[in-house]
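Peer 1: task: produce atomic coordinates for the following.
(chains A and B)
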Amino acid sequence: MSKVLAISAKGLSKRYQRGARAKHDSMRDMIGDTVRSLMTGDAERKAREQFWALKDATFDIERGENIGIIGLNGAGKSTLLKILSRIVTPTEGEAEIRGRLGALLEVGAGFHQELTGRENVFLYGSILGMTRKEVAQKFDAIVDFAEIEEFIDTPVKRYSSGMYVRLAFAVAAHLDPDILLLDEVLSVGDIAFSRKCLNFARSLEKRGSTILFVSHNMFSIKTMCPRVIYLKAGQIAFDGPTEQGLGKYETDSHLESAAWFPGGDRDTGISITGFSIHDESGAEASVIDHGARATIRIRYNASRRIERPDFRVGFSRSDDVHCMTFSSFSDGVDIPYVEGDGLIELKIPPIKLVSDRYSASIVVREHGLGDILSAQTGGHFHVRHPLYMPYYYGVFYETGEWRALPASVRSHQSAG
Amino acid sequence: MTDLTHDAAREAAAHAAVTRIRPMRGLLDLDLGAVWRYRELLWVLMMRDIQVLYKQAALGAAWAILQPLFAVLVFSVIFGFFVHMSSDGVPYPLFAFAGVLPWTYFAEATRRSSTGLIDDAELVRKVYFPRLIIPLARVMAPLVDFCIAFAVLLVMMGFYGVMPSWKLLLVPPLMVIAAMLALSIGLWLGPINVRFRDIKHTLPFMLQIWMYASPIVYPLSKVPPEWRALYSLNPMVGVIEGFRWAVFDRGAPDIGVMAASTAILAILLVGGLVFFRRMERAFADLI
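Peer 2: Numbers count the residues shown, from 1 in each chain, chains lettered A, B, ... in the order given. Modelled structure (predicted):
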């Protein structure tokens, strides 16, 4: 098959007015703002308030390619998907899309609470661009995929959130597009269903669909996409093989705010300024042998006095499974307060995690189990062991005490 | 077998359908073809509105009848019974009903199409489709109410012994005009409503004034001749007068008034389309 471009983007850019959405919700606000801007220098302020959510994005995607789009929050990932799905128009640049495009930016946008599951399947199907005939043909398959046969004639407002999401995804999954844009949607629902979704995405891939996939889950990116586009502050910082792109992204995201932490930009009084892992000899290391004792050093800067802080260090496996956490508070270590620059050292017990790549995260709370002040990503490290792989051994490996007894003794024991 | 044809279709589609994304330019870049391609969605959104409307109300379809009937009752007592308003030779309740009916439709359609973008904000933010579909679908749904109430009018006419003629066939085109008018207002107010939520509060009161500026409780003949020309700039004048003529078959419509109504409607509609398209690009950013 000859190479056919599915998407070709040239210089796509989107400029936003900072805070444009919140401003001017009523005319009274607008009048107030206008008067205020007349009195202060408005032109200058306006220029400062404008920012490029996406700047000069140029790339070609061939038919059948699977592309992961990675980047920190606010790097322009969603803006890019919104432009490609035509929800917003670009300020500059253009793109050409060949084939039917399906975009799943939010599962269930378009469902109506009052309508039944059946009615919503037709509604959502046509919103996503299917004809009614098409929906009717695929109806049974959709209901089957969503696993909600007995509730199909119940209004969706009575659905559990899991059922809701399953039905919405099932409709979208049967859109059968040539190009599919996915924004974090595979991470919804329970594990069994996410697996089903992932399998479905793979089957689309086999049929030659092109998939653009935004995710924070590096594991899904790695399993699904051979190529990544890494966005950084609205610009393409890397476009190429996934391993290389993820490496670059991880170097950049060292000590960044954790993606799940909403107050990332807020000044809460303390931030982590350094994180390093050291092996038993004291040298900085990125590979720890299974069973070895590593030392973790955390440097912090506290702009105010933080009372009774709890320092936590967590390790997550490469597929984002949170494996373990150390907590100074839970370990009964009493730190009365911290202020200014300082260093915390944690010597971990012999590490029993299986051989894989892990990412560390650091969380600081006040008053023991009080407010979370800081949640940052630390570095990455590998645990090394020739045998203990996650697939066979699970999360960690500990030796047990075994005893082999002759059969006669065994039956004697079970009788007694 | 199915897979083969499917793949062939996919192949063909992939070669044929090229979507170009670019910054919008040009005033008359209306792209009405896209609305046609999305006609199924128009239908589905319309059906959704109707289904939701009747599911939520306990009395359901009865509201379609009760609302205008109640207005007619009030008008009949005040203007028919107390004021003895002239009513072009038909019993006053019938006269008022024939005015209230197209007006109720128009007011509801206008209100719904003006607030549609906000009510469906979730859709506008997350899914692409020609935004014109929203006000368009919204003017259609209240037609169901209208049809139910229209049947009641026919029954009432039978009761008063007023027989309709072939001119009844003119009711559908007149309602199309009313729908287009409501759409035009929605095209102007909808985008403004996205920016300033004040529209929601001012609209009921604007419609109230507009109602009294239309020949609903009084006949057109009550308007002083020297004011007629200005009065006819209100496109609902033509619609309501035309409606009465079509159902009662009394008198003849003023050609001048009808022409003025149509001209104003055309200006509002074309201007509204251009305005809506110009504003459309920012909807997802603003909502």
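
Peer 1: A:Ser8 belongs to a strand?
Peer 2: Yes. Assessed by DSSP: H, G, I helix; E, B strand; the rest coil, A:Ser8 belongs to a strand.

Peer 1: could you look up the SS state of the nearest residue to A:Leu5 once chain neighbours are set aside?
Peer 2: Leaving aside its sequence neighbours, A:Leu5 sits nearest to A:Asp60 (C-beta to C-beta, 6 or more residues apart in numbering or on different chains; 5.5 Å). For the C-beta atoms, the positions are set from N, CA and C on the backbone; glycine is no exception. The three-state label given to A:Asp60 by three-state DSSP is strand.

Peer 1: poorly predicted segments of chain B, please.
Peer 2: Across chain B, the ranges flagged by pLDDT under 70 are B:1-16, B:24-30, B:56-60, B:287.

Peer 1: hmm, 50 instead?
Peer 2: Along chain B, the parts satisfying pLDDT under 50 run over B:1-5, B:9, B:13-14.

Peer 1: and the residue in the stretch 101-250 of chain A positioned nearest to chain B, what does it touch?
Peer 2: Nearest residue of the stretch 101-250 of chain A to chain B, counting by C-beta to the nearest C-beta: A:Ala109, 3.6 Å away. The contact partners of A:Ala109, taken as C-beta atoms under 8 Å, 6 or more residues apart in numbering or on different chains, are B:122-123, B:125-127.

Peer 1: same question, B:Gly116
Peer 2: B:134-135, B:137-138, B:186, B:190.

Peer 1: please apply the same query to A:Ile229.
Peer 2: Counting by C-beta under 8 Å, 6+ apart, A:Ile229 touches A:59, A:67-70, A:236, A:238-239, A:245.

Peer 1: mind redoing it with 10 Å?
Peer 2: Applying C-beta atoms under 10 Å, 6 or more residues apart in numbering or on different chains to A:Ile229 gives the contacts A:57, A:59, A:61, A:67-71, A:77, A:80, A:212, A:214, A:236-240, A:245.

Peer 1: B:Arg244 against B:Val237, yeah?
Peer 2: No. With contact defined as C-beta atoms under 10 Å, B:Arg244 does not count as touching B:Val237 (11.2 Å).

Peer 1: show me whatever sits in contact with both of the two.
Peer 2: The contact sets of B:Arg244 and B:Val237 overlap at B:215, B:220 (C-beta under 10 Å, 6+ apart).

Peer 1: out of the two, which sits in the more crowded spot?
Peer 2: Shown here are B:Arg244 and B:Val237; by other C-beta atoms under 10 Å in any protein chain shown, B:Arg244 has more neighbours (26 against 23).

Peer 1: and the more buried one, what element?
Peer 2: Taking DSSP states H and E as the definition, one finds B:Arg244 inside helix B:235-248.

Peer 1: quick one: list the elements packing against that helix.
Peer 2: Contacts defined by 3 or more C-beta pairs under 10 Å, 6 or more residues apart in numbering or on different chains; DSSP states H and E place helix B:235-248 against helix B:92-119, helix B:142-160, helix B:171-195, helix B:255-280.

Peer 1: out of the ones you listed, deepest packed?
Peer 2: The highest mean neighbour count among these, using mean count of other C-beta atoms under 10 Å in any protein chain shown, belongs to helix B:92-119: a mean of 24.

Peer 1: okay, the following helix or strand past that helix in CSV with CA atoms only?
Peer 2: Once the chain leaves helix B:92-119, the next helix or strand it forms, by DSSP H and E, is helix B:121-126. Output of helix B:121-126 as CSV, limited to C-alpha atoms (Å, rounded to 0.1, in the frame of the first residue of the first chain):
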residue,chain,number,x,y,z
ALA,B,121,-22.8,24.5,25.7
GLU,B,122,-21.5,21.0,26.5
LEU,B,123,-22.0,20.0,22.9
VAL,B,124,-20.5,23.2,21.5
ARG,B,125,-17.4,22.8,23.6
LYS,B,126,-16.8,19.1,22.9
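
Peer 1: which element follows helix B:121-126 toward the C-terminus?
Peer 2: Moving toward the C-terminus from helix B:121-126, the next helix or strand (DSSP H and E) is helix B:133-140.

Peer 1: can I get the CA coordinates of that next one in CSV?
Peer 2: C-alpha atoms of helix B:133-140 as CSV (Å, rounded to 0.1, in the frame of the first residue of the first chain):
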residue,chain,number,x,y,z
ILE,B,133,-28.0,23.3,13.5
ILE,B,134,-28.8,24.4,17.1
PRO,B,135,-31.0,27.5,16.4
LEU,B,136,-32.5,25.7,13.5
ALA,B,137,-33.5,22.6,15.5
ARG,B,138,-34.8,24.8,18.2
VAL,B,139,-37.3,26.7,16.0
MET,B,140,-38.7,23.4,14.8
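
Peer 1: by how many degrees do it and helix B:92-119 diverge?
Peer 2: Here helix B:133-140 runs at an angle of 160 degrees relative to helix B:92-119 (axes from the mean of the first three to the mean of the last three C-alpha atoms, to 10 degrees).

Peer 1: give the contact list for B:Gly251.
Peer 2: B:88-89, B:219-221, B:241, B:244-245.

Peer 1: quick check: phi and psi on it?
Peer 2: Phi and psi for B:Gly251, reported as degrees, to the nearest 10, are phi 70, psi -170.

Peer 1: repeat that for A:Ser303.
Peer 2: phi -80, psi -10.

Peer 1: show me how far the helix holding B:Arg244 is from its chain's centre.
Peer 2: Centre-to-centre, helix B:235-248 and its host chain are 15 Å apart (C-alpha atoms, centre = their mean, to the nearest Å).

Peer 1: and that helix, what's buried?
Peer 2: Within helix B:235-248, the residues scored as buried using 16 or more other C-beta atoms under 10 Å in any protein chain shown are B:235-248.

Peer 1: return the set of residues that bridge with the residue nearest to A:Leu5.
Peer 2: Using DSSP bridges, the beta-bridge partners of A:Asp60 come out as A:Ser8.

Peer 1: confidence score at A:His412?
Peer 2: Model confidence at A:His412, given as pLDDT, is 56.

Peer 1: next, count neighbours for A:Thr89.
Peer 2: A:Thr89 - counted by other C-beta under 10 Å - has 18 other residues nearby.

Peer 1: in the stretch 301-416 of chain A, which residue sits nearest chain B?
Peer 2: Closest residue of the stretch 301-416 of chain A to chain B, C-beta to the nearest C-beta: A:Asp320 (25.0 Å).

Peer 1: please name the nearest non-neighbouring residue to that residue.
Peer 2: A:Asp320 sits nearest to A:Asn217 (C-beta to C-beta, 6+ apart), 5.2 Å away.

Peer 1: quick check: the one you found touching A:Ser359?
Peer 2: No. With contact defined as C-beta under 10 Å, A:Asn217 does not reach A:Ser359; the gap is 11.7 Å.

Peer 1: just the contacts of A:Ile229: which are in strands?
Peer 2: Using DSSP state E, the subset of those located in strands is A:57, A:59, A:61, A:67-70, A:212, A:214, A:236-240.

Peer 1: now, of the residues you listed, which are buried?
Peer 2: A:57, A:59, A:61, A:67-70, A:212, A:214, A:236-239.

Peer 1: looking at those residues, spot the one nearest B:Leu169.
Peer 2: The closest of these to B:Leu169 turns out to be A:Leu212 (C-beta to C-beta; 53.7 Å).

Peer 1: show me what contacts that closest one?
Peer 2: Applying C-beta under 10 Å, 6+ apart, the residues near A:Leu212 are A:6-7, A:61, A:65-69, A:77, A:80-81, A:84-85, A:101, A:103, A:179-183, A:225, A:229.

Peer 1: Serialize the helices and strands packed on helix B:235-248 to CSV and add fields for distance to A:Ala404.
Peer 2: Formatted as CSV, these follow (distance: least, C-beta to C-beta, whole Å):
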stretch, distance to A:Ala404
helix B:92-119, 72
helix B:142-160, 80
helix B:171-195, 76
helix B:255-280, 76
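
Peer 1: those helices: which one's closest to A:Phe122?
Peer 2: Comparing these by their distance to A:Phe122 (C-beta to C-beta), the top pick is helix B:142-160, with 18.4 Å.

Peer 1: and the closest one, what does it pack against?
Peer 2: Identification of packing neighbours for helix B:142-160 by 3+ C-beta pairs under 10 Å, 6+ apart yields helix B:39-56, helix B:62-75, helix B:92-119, helix B:171-195, helix B:235-248.
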